[in-house]
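Chemist: Test case, fold it:
(chains A and B)
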Amino acid sequence: MTDLETFRTETRAWLEANCPAEMRQPMRSEADACWGGRNWTFQSDAQRQWLEAMAGRGWTVPDWPKDYGGGGLSPAEARVLKEEMARIGARPPLTSFGISMLGPALLQFGTEEQKKHYLGQIARGEIRWCQGYSEPGAGSDLAGLQTKAEDKGDHWLVNGQKVWTSYADKADWIFCLVRTSSESKQGGISFLLFDMETPGVSTKPILLISGSSPFCETFFDDVKVPKEQIVGEVNKGWDVAKYLLGHEREMIAGMGLGAGGSSVTLGPVTRPTDPLLRAEIAAFDVDALAFAAMSERFAAMWKAGEAHPASPSMMKYAGTELNKRRNELMMAAGGSDALEWDSERSRKGATPRSWLRSKGNSIEGGTSEIQLNIVAKHILRLPGA
Amino acid sequence: MTLLTDDQKMLQETAASFLAEEGSIGKQLRHWREIGCTDGFGHDLWKQFAELGLTGICIPESHGGLGLGATEAALVLEEIGRNLTPSPFLTTAVAGARAIEGTAHADRWFPEILSGEAVLALAVEEGPRHAPDRTALEAKRQGNGFVLNGAKQFVVQGGSADMIVTAARTAGAPGERDGITLFAIPKATSGLNTDSQSLVDSSKAARLTFDNVSVDADAVIGEVDAGWGPLSRALSAGGAGAAAELVGVASGASAMILDYLRQRKQFGKLIGEFQALQHRAAHLYSEIEIARAAAFKAAQALDSSDERAELHVSVAKAKAADVAGLAVREGVQMHGGIGMTDEHDIGLFMKREAVLGELFGDVYYHRNRVAELSGY
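Modeler: This next block holds a predicted model:
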């Protein structure tokens, strides 16, 4: 038996013994995710047990180094773990922006001390992070951000406002882009980390058209941040931000559009009887299955270092536009059933809420138009782009 | 999905340089079009395919071929598409070879395919739209053989073919898969009338009429009444191959678009500076990448005998035709007036896409197959 086969056998046995039955049920919505953090209330003992068991092995972040709370698995082993978890339908033990966004940036740009301190907390689900990027005057033109951090000798003094901060009202810490110099647009930005309980930080949820409030406005009023809580060099925060946006786009591109194939298509779910709707859904299913193939190919190329560095932009663009179309067709297929907003029968309006929420997919994390700009400039190298 | 192996990358490079050099639009497509060639392709080039071993790409090593699969064929076909190279590669080396593999006809035809002498064609269609299970051409038992009566159309390179793989009905009714039998009909068989026509892209396809065509029992490919097996194998290989060729057509058109956007000036600017065009070019890029992934997925599914291979082939053919259609329409539009001229090559891409899009089933046929195979 090869080492990998041994690993698979052992992993399978361990998962069988340690993954509670309840954590093998499909997640009904985002609300079933375990986000962790200082104020997290576990939905069940099973959710707590599952997180603790996985974190104990470093398997909340299987491919991070063991020194930083990870599992230290090789890419092949991490893939086996993923496959074995999928085999029994195991839920992710922990969902967090720390894992998907900050962690990779810290691994790349953090000091040894920062990695040891923050990555371990992330891996164990102890600290829930939020991202402070967009501002009222800096959306697509992110580098135009104005939130100011002044050097006060032993600390930074932060003043300004962020917007579209995901779950800021539930987060423990924030990773935040701030302006440390006005001399250069992109070259005057730094990347700070600080506690959301620091005096002067306040949040206000934003009610979306979908009826939910996943985002906040976040205000900073004379917030003191210790000097060492900067990632990378002063005025070099844009490099960290760009690296992290790449990860964000990759994640958004893959959202709900796994490589499995069956879950991405609409026909088997909607069983359309109207011939014209059936034709539209079949056209969508072709595109969805083709994109699933693209996701597989992209993942393989990314791992092998063969993907263009700007290709996550293409994936984000195509994936989010597809998801919007999917939701449009779900509405069409649902007819008047899909209009109910509160009823139990409609699972509290799951279809229309998802439809409305999906409209944000091609706005958040860089609009579709910005992604097309990036493809035109960095991949196609068109003039003046 | 696995990425290309080193061997596959080498094959891709070989095919790319060979077809860019020898299979270029100037040397092949325009040349044969201008001299009014009745084959629509050059036999010398087909011999060169043979010298590189490419005619035997899908032929087993035991028969002297390369013994490779749909993935390798796709790599070659993408280059063929990019250069609009007219050749019998898809019908002969891919679909034709798949139809007869494992039968006595392989012994008869594989050597001549390997040497680049023989050309095969597939006679499936009986109406203007792809409907293989609607096969009605009658084959009646007579003595030790069969007598065929009926008509076929869109038999690509039917006028140049040395042997025509013909789907006929020996039992059942049109619409049923059982009762179809495949026959190997050599050219110049008595009672077979071949009417070769130029298509929109200057390639040739024949309308065939079978007027009491008598063949021996050994003309049957595989088993009587069970032709659906080899036929669907050939159609899947052909469909996946056409998808890859369409990806090449789309890539070729896209390359011309990008060149033009970088050189054409209006209003004192390169037109590639205009965001309206940049976004369309970027969208097209994204779509072509997705179509290529779908084409590889289909090829790999065929090569690994994936039980969902037929679904993946239909996804690939529908997506690739859709995207290639977008590429050629954007190609002509973004070139403006010059794109409407016969002198410019971009229009040739539009014409080729029209034919390849139809071959082995169009977008609508394959979307419908995806729906059927998904149970709705």
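Chemist: switch to C-alpha atoms for all contacts and neighbour counts from now on
Modeler: OK.
Chemist: Point me to the helix or strand that includes residue B:98.
Modeler: Element membership for residue B:98, per DSSP states H and E: helix B:97-100.
Chemist: what's the closest non-adjacent residue to residue B:297?
Modeler: Sequence neighbours aside, residue A:293 is the residue nearest to residue B:297 in space, at 6.2 Å (criterion: C-alpha to C-alpha, 6 or more residues apart in numbering or on different chains).
Chemist: Tell me how many other residues crowd that neighbour.
Modeler: A count of neighbours around residue A:293, defined by other C-alpha atoms under 10 Å in any protein chain shown, yields 29.
Chemist: what number of residues lie near residue B:344?
Modeler: The number of residues packed near residue B:344 is 12, by other C-alpha under 10 Å.
Chemist: quick one: contacts of the helix holding residue B:98?
Modeler: B:58, B:59, B:106, B:110, B:165, B:221, B:222, B:230, B:231, B:233, B:234, B:237 (C-alpha atoms under 8 Å, 6 or more residues apart in numbering or on different chains).
Chemist: my guess is the fifth one meets residue B:185, correct?
Modeler: Yes. The pair residue B:165 and residue B:185 passes the contact test of C-alpha atoms under 8 Å, sitting 6.4 Å apart.
Chemist: The two: who's more crowded?
Modeler: Neighbours were tallied for residue B:165 and for residue B:185 using other C-alpha under 10 Å; the higher tally belongs to residue B:165 (27 against 23).
Chemist: Am I right that the more buried one sits in a strand?
Modeler: Yes. Judged by DSSP: H, G, I helix; E, B strand; the rest coil, residue B:165 forms part of a strand.
Chemist: Can you name the residues that contact it?
Modeler: Residues in contact with residue B:165, defined by C-alpha under 8 Å, 6+ apart, are B:96, B:99, B:120, B:121, B:122, B:123, B:182, B:183, B:184, B:185.
Chemist: By neighbours, which of the contacts of helix B:97-100 wins?
Modeler: Among those, residue B:237 has the most neighbours (other C-alpha under 10 Å), with 32 neighbours.
Chemist: how far away is it from residue B:94?
Modeler: Taking C-alpha to C-alpha, to the nearest Å as the measure, residue B:237 falls 6 Å from residue B:94.
Chemist: could you show me where the strands are in the stretch 101-250 of chain B, in order?
Modeler: Assignment of strands within the stretch 101-250 of chain B using DSSP state E, counting those that start in this stretch yields the ranges B:120-123, B:138-142, B:145-156, B:163-169, B:180-186, B:192-198, B:204-216, B:220-221.
Chemist: same question, the stretch 51-200 of chain A
Modeler: Using DSSP E, counting those that start in this stretch, strands in the stretch 51-200 of chain A cover A:129-132, A:148-151, A:155-166, A:173-179, A:189-195.
Chemist: tell me which parts of the stretch 201-350 of chain B are close to chain A?
Modeler: B:258, B:261-262, B:270, B:272-273, B:275, B:278-279, B:281-283, B:286, B:289-291, B:293-294, B:297, B:315-316, B:318-319 (C-alpha under 8 Å from any C-alpha of the partner chain).
Chemist: repeat that with 7 Å
Modeler: Contacts of the stretch 201-350 of chain B with chain A, taken as C-alpha under 7 Å from any C-alpha of the partner chain, map to B:262, B:272-273, B:278-279, B:282-283, B:286, B:290-291, B:293-294, B:297, B:315, B:319.
Chemist: What are the phi and psi values at the nearest residue to residue B:352 once chain neighbours are set aside?
Modeler: If you skip the residues right next to it in sequence, residue B:352 has residue B:201 as its closest partner in space, 5.2 Å away by C-alpha to C-alpha, 6+ apart. Its backbone dihedrals place residue B:201 at phi -100, psi 10, with angles given as degrees, to the nearest 10.
Chemist: mind listing what residue B:201 touches?
Modeler: B:348, B:351, B:352 (C-alpha atoms under 7 Å, 6 or more residues apart in numbering or on different chains).
Chemist: Give me the contacts around the strand or helix carrying the last one.
Modeler: Spelled out, that is residue B:352. According to DSSP H and E, residue B:352 maps onto helix B:346-358. Residues external to helix B:346-358 that are found in contact with it (C-alpha under 7 Å, 6+ apart): B:200-201, B:242, B:246, B:249, B:253, B:321, B:324-325, B:328, B:331-332, B:339-340.
Chemist: In those residues, find the pair that's most separated.
Modeler: Comparing all pairs in the contacts of helix B:346-358 by C-alpha to C-alpha, the longest separation belongs to B:242 and B:340, at 25.6 Å.
Chemist: which of the two has more neighbours?
Modeler: Of the pair residue B:242 and residue B:340, residue B:242 is the one with more neighbours under other C-alpha under 10 Å, namely 30 against 14.
Chemist: What distance do you get for the residue lying closest to the more buried one once chain neighbours are set aside to chain A?
Modeler: Nearest residue to residue B:242, sequence neighbours excluded (C-alpha to C-alpha, 6+ apart): residue B:356, at 6.3 Å. When distances are taken as C-alpha to the nearest C-alpha, to the nearest Å, residue B:356 and chain A turn out to be 18 Å apart.
Chemist: Could you report the neighbour count for residue B:356?
Modeler: Here the count is done by other C-alpha under 10 Å, and residue B:356 has 23 residues near it.
Chemist: next one: residue B:176
Modeler: Residues contacting residue B:176 under the criterion other C-alpha under 10 Å number 15.
Chemist: Please report phi then psi for it.
Modeler: With angles defined as degrees, to the nearest 10, residue B:176 sits at phi -100, psi 140.
Chemist: from what I can see it touches residue B:133, true?
Modeler: Yes. With contact taken as C-alpha atoms under 7 Å, residue B:176 and residue B:133 are classed as touching, separated by 5.8 Å.
Chemist: Now render the contacts of residue B:165 as a markdown table, adding pLDDT.
Modeler: Formatted as a markdown table, the entries for those read as follows, by pLDDT from 0 to 100:
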| residue | pLDDT |
| --- | --- |
| B:96 | 98 |
| B:99 | 97 |
| B:120 | 98 |
| B:121 | 98 |
| B:122 | 98 |
| B:123 | 98 |
| B:182 | 98 |
| B:183 | 98 |
| B:184 | 98 |
| B:185 | 98 |
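Chemist: average pLDDT across the longest helix belonging to chain A?
Modeler: Among the elements of type helix in chain A, defined by DSSP state H, the one spanning the most residues is helix A:275-303. Averaged across helix A:275-303, pLDDT comes to 94.
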